[in-house]
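Sequence first, then the predicted structure, then my questions.
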Amino acid sequence: MKKVTIIIPAYNEEESLHFLYERLEKLMNKLSSRYTFEVLLVNDGSADKTHEILVELRKKDERINYVDLSRNFGQEIAMLAGLDYATGDCVIFMDADLQDPPELIPELLKYWKEGYDDVYARRTSRKGETFMKKFTSKLYYRVLQSVTTVSIQKDTGNFRLLDKRCVNALKQLRESQRCSKSMFSWIGYKKKEVPYERDPRVAGETKWKYRKMIDMAISGITSFTTSPLRISTYLAIPTFITLFAYFAYVIVKSVYTSTAIQAVQAIILLQLFFSGTIILLFGIIGEYLGRIFYETKNRPLYFVNEYNGEKETNE
Ligand code: UDP
Ligand code: MG
């Protein structure tokens, strides 16, 4: 019998976990004749009772496993920790807040059985989310797609099933600035889309504030492509053409008409234009420099406090 690992990162999800377990338990029991299950919850340094609840759930049900990280590392790293500790023949990523209905899992499994390696759920609607959030997320996909040649799946979250070989591939991508969405695309393999309606959170509130989403969008783009660096080239060409033309015009005019140049306004405009360009380019360079800085440190991406109640010693 094939083993399925359901990876769920959880950060301050004390209110959601019981609902989550109920829904998962029902599902696992229903499918127990065909698959064995492992639910792998990654406690991402929660400050609430998440850890206690996980200990309690594991006592009740052996299928529940948990990795307790030493602090909050963020969802992306929590997901990687999940991949590292998963033992199944495939993994399914889910949010702890039940926005991704577990009832879709049998359908994901069906396509896996048919031979697909990466079965991802595509949201057709997103209940309980603000217009701004939906709009920005749509825009983000557009931008991300326009700067890269690898095809990005639109309107997908992290809710997806990955075959073991995708898991092994992803485990080898150990950069610290992670953007799972683009990594899923980047590794390739046979993909299948499953549409679904996204539910609102059952409890608690979103951990993705705007500031964090902007951060994620920037690192999504810059970790994936260096094409923003090319902005400098594209901007520099017309800039220099303008500069030479204007320079020639000024010299010629002053020689032939023997008048002083009324240049104050022109200088101000040029000054603004060039400083703007320079600032922008420095920003972009800094972006990549920051990335190099993080990657060259080559630190482990996370530390684990305990796995299923056993203290991790980091030996
Ligand atoms: N999450 C996490 N670490 C964090 C932030 C979030 O592990 O630092 C988890 C969170 O518990 C949830 C999932 O990542 O299971 C998605 O977070 P959330 O529902 O807040 O994001 P949204 O669905 O609003 O995009
Ligand atoms: Mg959510």
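Sure, I can see it. Ligands and ions are numbered 1, 2, ... in the order given.

Strands along the stretch 201-315 of the chain, start to end?
For the stretch 201-315 of the chain, applying DSSP state E, counting those that start in this stretch gives strands covering 304-307, 310-311.

Dump these to JSON lines, plus mean neighbour count, distance to residue 79 and mean pLDDT.
Quick note: C-beta positions are derived from backbone N, CA and C, even for glycine. Output for these, formatted as JSON lines (neighbours: other CB atoms under 10 Å; distance: least, CB to CB, whole Å; pLDDT from 0 to 100):
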{"stretch": "strand 304-307", "mean neighbour count": "16", "distance to residue 79": "14", "mean pLDDT": "92"}
{"stretch": "strand 310-311", "mean neighbour count": "9", "distance to residue 79": "22", "mean pLDDT": "84"}
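
Show the contacting residues for the closest residue to residue 90 other than its chain neighbours.
Leaving aside its chain neighbours, residue 90 sits nearest to residue 163 (5.2 Å; criterion: CB to CB, 6 or more residues apart in numbering). Contacts of residue 163 were listed using CB atoms under 8 Å, 6 or more residues apart in numbering, and they are 89-90, 112, 116-118, 189.

Just the residues you listed: which are in strands?
Residues from the contacts of residue 163 lying in strands, with DSSP state E as the criterion: 90, 118.

what's residue 152 sitting at in phi/psi?
Dihedral angles of residue 152 (phi, psi; degrees, to the nearest 10) stand at phi -100, psi 140.

For the protein, what lies in contact range of ligand 2?
Neighbours of ligand 2 within the chain, by CB under 5 Å from the ion: 95, 97, 99.

and those near ligand 1, which?
95, 97, 99 (CB under 6 Å from any ligand atom).

The first one contacts residue 160, doesn't it?
No: between residue 95 and residue 160 there is no contact under CB atoms under 8 Å: 11.7 Å.

neighbour count winner among those two?
More neighbours surround residue 160 than the other of residue 95 and residue 160, with 26 against 21 (other CB atoms under 10 Å).

pretty sure that one is touching residue 121, no?
Yes: under the criterion of CB under 8 Å, residue 160 makes contact with residue 121 at 6.2 Å.

what are the ranges of the helices in the chain?
Along the chain, counting by DSSP state H, helices occupy 14-31, 50-60, 75-85, 105-113, 131-146, 164-172, 180-187, 210-222, 230-257, 264-297.

Please name every helix or strand in contact with the first one.
Taking 3 or more CB pairs under 8 Å, 6 or more residues apart in numbering; DSSP states H and E as contact, the helices and strands that helix 14-31 lies on are strand 2-10, strand 35-43, helix 50-60, helix 105-113.

Any buried residues in the first one, and which?
Neighbour-count burial for strand 2-10 flags 4-10 (criterion: 16 or more other CB atoms under 10 Å).

In TSV, list the residues you listed along with pLDDT and distance to ligand 1.
Converted to TSV, the buried residues of strand 2-10 look like this (pLDDT from 0 to 100; distance: CB to the nearest ligand atom, whole Å):
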residue	pLDDT	distance to ligand 1
4	94	18
5	95	16
6	94	12
7	95	10
8	95	6
9	95	3
10	93	5
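
Output the set of residues of the chain in proximity to ligand 1.
Near ligand 1, when you scan the chain using CB under 6 Å from any ligand atom, you find 9-11, 13, 44, 72, 74-75, 78, 95-97, 99, 206-208.

Out of the helices of the chain, which gets nearest to residue 198?
Taking CB to CB, helix 131-146 is the member of the helices of the chain nearest to residue 198, at 10.2 Å.

Now do that closest one, average pLDDT.
Confidence over helix 131-146 (mean pLDDT, whole number) is 78.

Show me what it is in contact with.
By CB under 8 Å, 6+ apart, helix 131-146 touches 126, 151-152, 154-155, 181-182, 213, 217, 220-221, 224.

Put the alpha carbons of it into CSV.
Output in CSV follows, covering the C-alpha atoms of helix 131-146 (Å, rounded to 0.1, in the frame of the first residue of the first chain):
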residue,chain,number,x,y,z
PHE,A,131,-10.8,42.4,-3.4
MET,A,132,-7.3,43.9,-2.9
LYS,A,133,-5.8,40.6,-2.0
LYS,A,134,-7.3,38.8,-5.0
PHE,A,135,-6.3,41.7,-7.3
THR,A,136,-2.7,41.8,-6.1
SER,A,137,-2.3,38.1,-6.3
LYS,A,138,-3.6,38.1,-9.9
LEU,A,139,-1.2,40.9,-10.8
TYR,A,140,1.7,39.1,-9.2
TYR,A,141,1.2,36.0,-11.3
ARG,A,142,1.1,38.2,-14.4
VAL,A,143,4.3,39.9,-13.6
LEU,A,144,6.0,36.8,-12.5
GLN,A,145,5.1,35.1,-15.8
SER,A,146,6.1,38.0,-17.9
